[in-house]
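Okay, sequence plus prediction incoming.
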Amino acid sequence: MVSSLSIFHVAILFGAALLLVIAAASDAQRYRIPNWVCAALLLLFPLFVMTAPGAIEWEQHAMIFGLVLASGFVMFIGNIAGAGDIKLLAVMGLWAGPHLVAVFLVTTAIAGGLLALLMAGLTYIRNLSGTRAVALAKVPIPYGVAISVGGLSMFYMMSQPFLFPS
């Protein structure tokens, strides 16, 4: 039997998933990830921990958040990634924690590679059409979409015990 606290726990998980969809849509349309989305994901995490049916080692989750944020800051300084991407990546590292961070990062990297190929293909087709040519190296990639795909796959894994109890 699923308790009402567990139902609230799953509702928080689905709310976080909805926020990831909003982040992906915003990044795909405007190359911007709203700060309020990252802040909402950050604020939902303590509620997720408090309503969990079992113990969540939130200290380890916070450590992963700090490590991803510090690594992201280096990427931002090196002009490798945007600030919105780094904030979203760090907050999703918080949700992933030590147990799912590898799954999250690998899924994000694969989605990012596929997204880069798609953007390169679209740019190539656009360049063939005779309009002003754009160098492939200058094509922006809405990496928030890839981060959201990684996060959604992670949320799917987290929801399995509740959606399909054995």
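Cool, the structure landed.

average pLDDT across the lengthiest helix in the chain?
The residue-count maximum for a helix in the chain (DSSP state H) belongs to helix 83-128. Mean pLDDT, helix 83-128: 94.

and if you look at stretch 41-56?
Stretch 41-56 comes out at a mean pLDDT of 92.

chain center to it: distance?
Relative to the chain's own centre, stretch 41-56 is displaced by 17 Å; criterion: Cα atoms, centre = their mean, to the nearest Å.

Just the buried positions in it, please.
L41, L44, F45, F48, T51, I56 (16 or more other Cβ atoms under 10 Å). Placement of C-beta: from N, CA and C, glycine included.

before we move on, what about stretch 125-142?
I141, P142.

Helices along this protein, start to end?
With helices called from DSSP H, the chain shows them at 4-30, 35-50, 58-77, 83-128, 143-163.

how close does V106 sit to A39?
Using Cβ to Cβ, to the nearest Å, V106 is found at 26 Å from A39.

Sorry, wrong one. I was asking about A120.
Going from A120 to A39 by Cβ to Cβ gives 33 Å.

distance of I147 from V91?
Using Cβ to Cβ, I147 is found at 10 Å from V91.
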